[in-house]
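Undergrad: Provided below for reference: sequence and predicted model.
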Amino acid sequence: MTGVKEVFPEAEHRECMFHLVTNFKKKFHGKVFDDHLWAAAYSWNPYLFGKHWAAMETAKLAATAYVRKWHNRLWSRSQFSTICKVDYVTNNLAESFNNWIKHHKSLNLDDFFDKARQLIMILWNRRRKVAKKLDGLILPHIMKRLNVMTRELNLEVVESSEEVAEVTALGGSGFRFVVNLQERTCSCRQWQVSGLPCKHALAFITSLTNAHIRQYVDLYYSLEKFRSAYAQLIPAMPDKNQWPQSDHGFFMHPPLLKATAGRPKTERYKGYGEKKRKNGKHLCLICKEYGHHWHNCKKGNPDDIAAMMAVREPPKKRTKTSQTAESSIMPYADGEPTRMCFPPSQNLETTTKKEKKEKHANSSAGASKSSKSLENTSKKKGKGSNSESVGSKRSGTGSNQPEPISIEFPMPGDEKDVPVKAGKSKKRKCAEKIPMVPVDSLAMCTRSKFLSPASPAMNTRSKRRLSL
């Protein structure tokens, strides 16, 4: 903006009202600003602008002070110049151009300028063809808009002469404005700023017999100005491979771009208050409106809905596919009985010093003693309910829980101390070294039937007593 002001010092420097409101709402909120801020920007008359400004200043003085400090460029129509005949309060023209070229911004600079030149060349050529087919003094779409404005004008015209009149609004505000057809002015300033007759001027013009609306429209909207704007031709150019080569003594290489993570950004970042993404709406096949399905249409013809219902049924609701607890239980198909194998209890008893001494003293007869203890255990287990006096004993700590039966298995290092009678066969010796474990013993659930001290599996077994 500073460069534009230096190059064009006499040109107006306006500010986009959309961005002003966006920055304003970051600091100030309230219904009074929603009602008066945009109304102040669209006010043609300084008197109406002052009314909206006073309402905001009365509500919050800091808000108007903020606008005075940071937004001192022109943003209200009441202060626009009457020379350029442009009444825009936003920069939608620049936004439309950015949306027009957004798919070509990723090109190199020379390719981008060549593509923009080609797009403008196509647009100007189309406008020239349209201008050759038009007839009349003023552009047709301008006359169409003014003719629509002349309908249902609730205004009272009091003529002072054939060129000057007072126009008063019937009902509502009741403001009175002065219209001068010779000078093409109205006290509301809309005619002077935009170049198009306002509703007060249209009410006065249509009340006259020999007056035509096209005679009071500014020449900026004439067909002649439209043709002269696109009369100049944009020259066609070959591709850049055929451009003349130039030697400046150096070669400028393109910049080295570093690849970033993720998908490349193709759209601009949305500002504060803008909608992040447009929500898609469903098109009804009956009434051709958005927001509902055809089977829920309330504006369409019931016969059309019935015919559509006969052709195809309405979409069904999705049913839950999750299984319940009862249906998820599958019965066991095999009829043969199975045997439960429980893992050993984790309540392992640590040996005391006294037990260690007894174990060390009786190490000479460890293998035979262990086999006898296993046989005694199996006999006690078979006695049934009389296990309180035989299979277990009460705890010495005073608890009613019985103490578990402890089974001691021989260690691999104790096999040399097993006594063997002389004169027996080798087969007899093997039978004594490998004692048999009863089949109904509790240890048979997780252990082998034969306890071989030399087996490699014995190296991985615990040396503690097992509580069963």
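TA: In hand now; what should we look at?
Undergrad: so which elements touch the helix or strand hosting V179?
TA: Using DSSP states H and E, the element containing V179 is strand 176-180. Other helices and strands packing on strand 176-180, by 3 or more C-beta pairs under 8 Å, 6 or more residues apart in numbering; DSSP states H and E, are strand 164-169, strand 185-186, helix 199-207. C-betas here are computed from N, CA, C, even on glycine.
Undergrad: out of the ones you listed, flag the one nearest K270.
TA: When the helices and strands packed on strand 176-180 are compared by C-beta to C-beta, helix 199-207 sits nearest K270, at 36.9 Å.
Undergrad: who's in contact with that closest one?
TA: 146, 149-150, 153, 155, 157, 159, 165, 167, 177, 179, 181, 186, 188, 191, 197, 211-213, 216 (C-beta atoms under 8 Å, 6 or more residues apart in numbering).
Undergrad: what subset of the residues you listed is buried?
TA: When those are checked for burial by 16 or more other C-beta atoms under 10 Å, the buried set is 146, 153, 157, 165, 167, 177, 179, 181, 186, 188, 191, 197, 213, 216.
Undergrad: with those in mind, which one is nearest to F250?
TA: Of all the buried ones among the contacts of helix 199-207, F250 sits closest to W191, with 58.4 Å by C-beta to C-beta.
Undergrad: assign a three-state SS to the closest one, would you?
TA: helix (DSSP: H, G, I helix; E, B strand; the rest coil).
Undergrad: kindly report the same for the one 5 residues further on.
TA: L196 carries the three-state label coil when classified by three-state DSSP.
Undergrad: with adjacent residues omitted, what lies nearest to it?
TA: Spatially, and ignoring its direct neighbours in sequence, L196 is nearest to V217 (6.2 Å; C-beta to C-beta, 6 or more residues apart in numbering).
Undergrad: so what's the backbone phi/psi at that neighbour?
TA: phi -90, psi 140 (degrees, to the nearest 10).
Undergrad: can you start the count at 32 instead of 1 from here on
TA: Shifting the count to begin at 32 puts that one at V248.
Undergrad: what number of residues lie near it?
TA: 21 (other C-beta atoms under 10 Å).
Undergrad: let me know the helix or strand that V188 is in.
TA: Using DSSP H and E, V188 falls in strand 186-190.
Undergrad: sheet partners, orientation included, of that strand?
TA: Counting by DSSP bridges, the strands paired with strand 186-190 are strand 195-200 (antiparallel).
Undergrad: quick one: terminal-to-terminal distance for stretch 208-221?
TA: 11 Å (C-alpha to C-alpha, to the nearest Å).
Undergrad: what pLDDT, on average, does that stretch get?
TA: The predicted model gives stretch 208-221 an average pLDDT of 95.
Undergrad: quick one: residues in contact with it.
TA: 75-77, 108-109, 113, 118, 193-199, 222-223, 227-229, 231-232, 235-236, 242, 247, 249.
Undergrad: thinking again about what came up before, is it correct that the residue nearest to L227 is in contact with L177?
TA: Yes - here V248 reaches L177: they are 7.4 Å apart, a contact under C-beta atoms under 8 Å.
Undergrad: list the contacts of stretch 88-108.
TA: 43-48, 51, 54-55, 58-59, 61, 63-64, 71-75, 80, 84, 87, 111, 118, 120, 220-221, 224.
Undergrad: kindly report the same for stretch 49-67.
TA: Stretch 49-67 is contacted from outside by 68-69, 83-84, 86-87, 90-91, 93-94, 97-98, 101-102, 106, 121-122, 302-304, using C-beta under 8 Å, 6+ apart.
Undergrad: pull out the buried positions in the helix or strand that S127 is a member of.
TA: Taking DSSP H and E as the criterion, S127 maps to helix 123-131. Along helix 123-131, not one residue counts as buried under the neighbour rule (16+ other C-beta under 10 Å).
Undergrad: buried stuff in whichever helix or strand comes after that helix?
TA: With elements assigned by DSSP H and E, the helix or strand that comes after helix 123-131 is helix 140-164. Within helix 140-164, the residues scored as buried using 16+ other C-beta under 10 Å are D145, W155, R159, A162.
Undergrad: any idea how far the first one lies from I151?
TA: Look at D145 and I151: by C-beta to C-beta, to the nearest Å, they are 11 Å apart.
Undergrad: among the buried residues of helix 140-164, which one sits closest to W131?
TA: Using C-beta to C-beta, the buried residues of helix 140-164 come closest to W131 at W155, 13.8 Å.
Undergrad: contact partners for R207?
TA: E197, V198, T199, A200.
Undergrad: one more time with 6 Å
TA: Residues in contact with R207 (C-beta atoms under 6 Å, 6 or more residues apart in numbering) are E197, T199.
Undergrad: tell me the SS of V120?
TA: Under three-state DSSP, V120 comes out as coil.
Undergrad: number of nearby residues for it?
TA: For V120, using other C-beta under 10 Å, the count is 19.
Undergrad: so it sits right up against M48, yeah?
TA: Yes - V120 is in contact with M48 according to C-beta atoms under 6 Å; the separation is 4.3 Å.
Undergrad: now the common contact residues for these two.
TA: With C-beta under 6 Å, 6+ apart, V120 and M48 have common neighbours A72.
Undergrad: name the helix or strand of the chain that has the lowest mean pLDDT.
TA: strand 437-438 (a mean of 45; mean pLDDT, DSSP states H and E).
Undergrad: state the distance from L288 to R245.
TA: L288 is 56 Å from R245, by C-beta to C-beta.
Undergrad: and L140, by the same measure?
TA: 46 Å.
Undergrad: so where is the stretch 182-331 of the chain shaky, pLDDT-wise?
TA: Residues of the stretch 182-331 of the chain that meet the criterion pLDDT under 70 lie in 303-311.
Undergrad: could you list the alpha-carbon positions for the helix or strand that E37 is a member of in PDB?
TA: Using DSSP H and E, the element containing E37 is helix 33-38. Backbone C-alpha positions of helix 33-38 (Å, rounded to 0.1, in the frame of the first residue of the first chain) are rendered in PDB as follows:
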ATOM      1  CA  THR A  33       2.900   2.400   0.600                       C
ATOM      2  CA  GLY A  34       4.200   1.900  -2.900                       C
ATOM      3  CA  VAL A  35       0.800   2.500  -4.500                       C
ATOM      4  CA  LYS A  36       0.400   5.700  -2.500                       C
ATOM      5  CA  GLU A  37       3.800   7.000  -3.800                       C
ATOM      6  CA  VAL A  38       3.100   6.000  -7.400                       C
END
